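K.L.:
Pasting a predicted model and its sequence here:
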Amino acid sequence: MKKRILMCFLVLLNGFAYAKSERQILFACKTKNNKIIQLSKQNDRIHYQFGKNFRQPEWRFSVPIGEVYGTSTRVIADNGENIEIIDIFLTNGTVLFSPYMIGQQKSGLWLRNSMGKVSDVVCKPKTLQFNTSIFKQLNHDVPAEFYD
């Protein structure tokens, strides 16, 4: 009987450990070229992936969550609509990755390399997934060099 109780306890404990390590999507969307931009959180790291096939993505890296920054700004559009602009900033050392969403109107990814070249990868409408609770865990003191 004691062995059964111990075995059940170990199975439950293993299940809790597994559930805790699952990835949660922070930001994801599909581009006009059917590639996926995805930021996900697992434990204390944010994982970035980009491409059509995540088994062999075009880009993949992860950074500690403390090195990922987020801002939220509300603006009033010309039509009087109150719009929230979300920016997320992370770097792999040479390239600044900045997923963004402008209300429900536009989302995508800004990329800036060390030479200052900026690219805007726009997402298809209605493909955005965004997790507010993970966003609130990000560092909101964005370093000035991310705005240069």
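P.N.:
Structure received. Residues are numbered from 1 along each chain as shown.

K.L.:
Of all the residues in the longest strand anywhere in the chain, which ones are buried?
P.N.:
The single longest strand within the chain, with elements called by DSSP state E, is strand 82-91. Residues of strand 82-91 classed as buried under the neighbour-count rule (16 or more other Cβ atoms under 10 Å) are I83, I86, D87, I88, F89, L90, T91. (Glycine included, C-beta is placed from N, CA and C.)

K.L.:
And the next helix or strand past it?
P.N.:
Sequence-wise, the next helix or strand downstream of strand 82-91 (DSSP states H and E) is strand 95-102.

K.L.:
same for that next one, what does it pack against?
P.N.:
strand 82-91, strand 106-113 (3 or more Cβ pairs under 8 Å, 6 or more residues apart in numbering; DSSP states H and E).

K.L.:
re earlier: can you list contacts of the longest strand of the chain?
P.N.:
26-27, 39, 46, 48, 63, 67-77, 96-103, 105, 130, 135, 138, 142, 146 (Cβ atoms under 8 Å, 6 or more residues apart in numbering).

K.L.:
ok, the buried residues of strand 82-91 vs K117, which is closest?
P.N.:
When those are ranked by distance to K117 (Cβ to Cβ), T91 comes first, at 14.6 Å.
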